[in-house]
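> I'll drop the sequence and a predicted model, then ask my questions.
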Amino acid sequence: MKGFVSICVVGGALLLATACKDNAPGNGTAPGNEIAAGNSTAPAKAGINPVVDTCNTTLPPSPAVVTPAIAHSGLPCSLAFQGKVALEPLQEAFDFNSWLTFVALSAPAGGSSPGPDAPAAWQGWQDLGSLMLPDGAAPPPFGSSVPPPKICTGGPAGAPVLQMISKTPVTPTVSVAGQPLNTGPLIDQNGHYVRYQILVNEPMYDYIVANHLYSKAGQQAFTGTIAFPVGDTKKDSTSGTIGAIVVKASWMVLGPHDDPAKFHVTRAYVYTPPSTGVSESCKTETLGLVGIHIVHKTAGEPQWIWSTFEHVDNVPTAAKAGKPTNAAYHFYNPSCSAAKCPINKQPPQPWNASIDPFPDGFHSQIVRTTKYPPEALRSAALWNDQFQPALKGSVLANYELITTQWPTDAKNPTDPNGAPFPVYAANATMETYVQGNVPQASSSCMACHGNATTTTGKESDFSFVLEKAH
Amino acid sequence: MTDPVAQDPLDQFVALSAILTGVAADKLHPTLDTYGTAREYLAYATANAGAQFAGLMRFYAANSSNPDVGSLVFNNTDPAIAYMAKTVMLMWYLGAWYPPDGLQKYHDNPQPPGPPFLVISADAYTQGWAWRVGQTHPMGYSDWRFGYWHSAPPPLSAFIGA
């Protein structure tokens, strides 16, 4: 479509994307439109974040009618927006951008539109476990993985190894864990642990490798400011750069009563490494995608754009708990009383993922409790109601956008997080136990990731990936 | 000239609040108001001090073009207006609701433990302007980066816009 503009919103003013490039973000790092790496002392690697001519510049349609052609129109390099600078139209633009991004990245790596379920493009990215290797070894070429543990055999060639059971490093069963939030594992209605995966796209991988940020030693030697490459679109053009994107995925082992046709699925090794009191185990399983975060750094949003989707059958909202609309959910049993199945309660310890299913018939009883402002609720509903029918015939129609968190004031001099909106955001499968609306205690993507650092304590540009270096 | 009485109640409340606090109106209620604090406070004051709050707003509407309107409000001989104004100011600064009659009683007899109050919400606590006027952050909550104390904070104008 023609007539788009990309924006950065600065103090309520609308700026063209090209005007954003010279502006340092609130956290003091230079977003730039770096083709080169950000280390002032390291030689730039040519080709990091290369220019592409495929940026999707489709504006949110008005009236809001999404056709299959729009739904499959491709990956935006940055936000396309034209209209009044106010919360609701901007939220709608960001949510529309989230849906376009989700659909585009769900297409097979070849780029064709998703139809029958197939491995998504993002599944070919670099998995955290193959990026931050023991002893700080250099990672393999982009998109390749290290060999699976010896115990994992019989799976399809290149099967991913899913071992994270939580977004917390508190359990010894997790050798590659995620977040600084003291959350616990999520147990589905079949009694299986939900497994997690973190992957980075090629511009982000190249930036990390070019600057040797995959090791503690490399991070100690790094003297510059960490600034991952940004997505950007040239004015009146489909030319631009993709920028850094991170995907976090949550997967559920499918049981006999789960219909694989309703999920984006993968065949993977479900691996539990050995530790004290925990036996090493590995099974080849079919898993269904139940949640996904897509995090995209763009020129106008140096605090990144945080999109989060879930399977529509995951959980009821808190308001609907007790009178749910579904007969069954992946993480909620409508027929179980609150006394027997306390809501949003962590599983009893110990969390030993090699014991599967979870002992004593435990399964998580989860409801969505984060309250979103009306602008965000209306916008998510607007686009879910449009994209899901437009994706009929694809498993993607069974997913819903929960929300998109974005910086309303990227250059705010007193808030390095750029005044996020909505203030709180949570995926029920990933921030399960920190849902809510309590400052510092409840999940906010940007408020949390703004604290991310490398292993040396240096700010790491809203990504916790670098702190996993050895 | 715009008739102040015809103004949107939220705009009018923000305009009065800017005078009572010394914080710029577009800081109290930015175009992209992520917390919706102004709307929350307007609703809270209306619900908890309806007639008295309406009286304050009427007085402000009738005198908004007077450059001394702040003094006229705070030093009003009608205690219902003067203490309501103090309540609104404290609401913005401390994120807490101090009932105007409690403030008046404490003024008349300033004995411990001080006037009663109620923190309006968890977000109201972190959004209190007392922190930002002090160029700092609330106890227990900060968006600033580790080691921020090593550097001088941004200038006061960056916080309050005035």
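Thanks, I have it.

> contacting residues for B:Phe146?
Shown in contact with B:Phe146 (Cβ atoms under 8 Å, 6 or more residues apart in numbering or on different chains): A:Asn451, A:Thr453, A:Gly457. Any C-beta I mention is one placed from the backbone N, CA and C, and that applies to glycine too.

> what number of residues lie near A:Leu59?
17 (other Cβ atoms under 10 Å in any protein chain shown).

> can you give me the helices for the stretch 351-470 of chain A?
For the stretch 351-470 of chain A, the helices defined by DSSP state H, counting those that start in this stretch cover A:374-390, A:445-449.

> name the nearest residue to A:Asp65, ignoring sequence neighbours.
Quick fix: residue A:65 is Val, not Asp. Excluding the flanking residues, the one nearest A:Val65 by Cβ to Cβ, 6 or more residues apart in numbering or on different chains is A:Gln386, at 6.6 Å.

> you'd agree A:Val290 is in a helix?
No - secondary structure of A:Val290 (DSSP: H, G, I helix; E, B strand; the rest coil): strand, not part of a helix.

> please report the distance of it from chain B.
Taking Cβ to the nearest Cβ, to the nearest Å as the measure, A:Val290 falls 29 Å from chain B.

> what sits up against stretch A:313-330?
With contact meaning Cβ under 8 Å, 6+ apart, stretch A:313-330 is reached by A:188-189, A:252, A:257-258, A:262, A:290-291, A:311, A:331-332, A:334, A:338, A:343, A:366-369, A:398, A:428-429.

> give me the residue from the stretch 201-350 of chain A nearest chain B.
Evaluated by Cβ to the nearest Cβ, the stretch 201-350 of chain A has A:Gln303 as its residue closest to chain B, separated by 10.6 Å.

> please report how far that residue lies from A:Val247.
Separation of A:Gln303 from A:Val247 (Cβ to Cβ, to the nearest Å) stands at 18 Å.

> those two: which has the busier surroundings?
Per other Cβ under 10 Å, whichever of A:Gln303 and A:Val247 has more neighbours is A:Gln303, with 30 against 22.

> need phi/psi at the more buried one.
Backbone torsions for A:Gln303, taken as degrees, to the nearest 10, come to phi -90, psi 10.

> please identify the buried residues of stretch A:144-164?
A:Ser145, A:Pro148, A:Pro149, A:Cys152, A:Gly155, A:Ala159, A:Pro160, A:Val161, A:Leu162, A:Gln163, A:Met164 (16 or more other Cβ atoms under 10 Å in any protein chain shown).

> now do the strands in chain A.
Here chain A has its strands, by DSSP state E, at A:7-10, A:13-16, A:51-52, A:126-127, A:161-162, A:195-200, A:232-233, A:240-241, A:245-253, A:265-272, A:281-296, A:305-311, A:399-407, A:420-421.

> closest one to A:His72 among these?
strand A:399-407 (14.8 Å; Cβ to Cβ).

> strand partners of the closest one, parallel vs antiparallel please.
strand A:305-311 (antiparallel), strand A:420-421 (antiparallel) (DSSP bridges).

> can you redo those as a markdown table with mean pLDDT, mean neighbour count and distance to A:Gln82?
A markdown table is the format used below for those (pLDDT from 0 to 100; neighbours: other Cβ atoms under 10 Å in any protein chain shown; distance: least, Cβ to Cβ, whole Å):
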| stretch | mean pLDDT | mean neighbour count | distance to A:Gln82 |
| --- | --- | --- | --- |
| strand A:305-311 | 98 | 26 | 17 |
| strand A:420-421 | 98 | 24 | 19 |
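
> tell me where the model's unsure across the stretch 301-450 of chain A.
Along the stretch 301-450 of chain A, the model assigns pLDDT under 70 to no residue.

> please redo it, this time with the cut-off set to 90
Applying pLDDT under 90 to the stretch 301-450 of chain A picks out residues A:318-327, A:349-351, A:440-441.

> that older thread, what about the buried residues of stretch A:144-164, which are in helices?
Using DSSP state H, no member of the buried residues of stretch A:144-164 falls in helices.

> can you name the residues bridging to the residue most central in space within chain A?
What sits nearest the mean C-alpha location of chain A, by Cα atoms, centre = their mean, is A:His293, with 2.1 Å. Here A:His293 sits in beta bridges with A:Lys248, A:Thr308, going by DSSP bridges.

> for chain B, which helix is longest?
The single longest helix within chain B, with elements called by DSSP H, is helix B:79-94.

> picking up where we left off before, of the contacts of stretch A:313-330, keep whichever come out buried.
Using 16+ other Cβ under 10 Å, the buried members of these are A:188-189, A:252, A:258, A:262, A:290-291, A:311, A:331-332, A:334, A:343, A:366-369, A:398, A:428-429.

> surely A:Leu382 meets A:Gln91?
No - applying Cβ atoms under 8 Å, one finds A:Leu382 not in contact with A:Gln91, separated by 9.5 Å.

> neighbour-wise, which of these two wins?
A:Gln91 (28 against 19).

> burial measure for the closest residue to that one other than its chain neighbours, as a count.
Leaving aside its sequence neighbours, A:Gln91 sits nearest to A:Ser379 (Cβ to Cβ, 6+ apart; 4.3 Å). Residues near A:Ser379, counting by other Cβ under 10 Å, number 29.

> which pLDDT does the model give A:Gln179?
We have a pLDDT of 32 for A:Gln179.

> same thing with the one 4 residues further on?
Per-residue confidence at A:Thr183 stands at 72 (pLDDT).

> likewise A:Cys8?
Predicted confidence (pLDDT) for A:Cys8: 38.

> and A:Gln82, by the same measure?
In this model, A:Gln82 is scored at 92, pLDDT.

> likewise A:Gly28?
Note for A:Gly28: predicted pLDDT of 30.

> CA atoms only for stretch A:69-80, dumped as CSV, please.
Taking C-alpha atoms only, stretch A:69-80 is exported to CSV below (Å, rounded to 0.1, in the frame of the first residue of the first chain):
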residue,chain,number,x,y,z
ALA,A,69,-4.2,-10.8,1.4
ILE,A,70,-3.7,-8.3,4.1
ALA,A,71,-3.1,-10.9,6.7
HIS,A,72,-0.4,-12.5,4.6
SER,A,73,1.1,-9.3,3.4
GLY,A,74,4.5,-9.8,5.0
LEU,A,75,6.8,-8.7,7.7
PRO,A,76,6.9,-5.0,8.7
CYS,A,77,10.4,-3.6,9.3
SER,A,78,8.9,-0.9,11.5
LEU,A,79,5.5,0.4,12.5
ALA,A,80,3.3,1.9,9.8
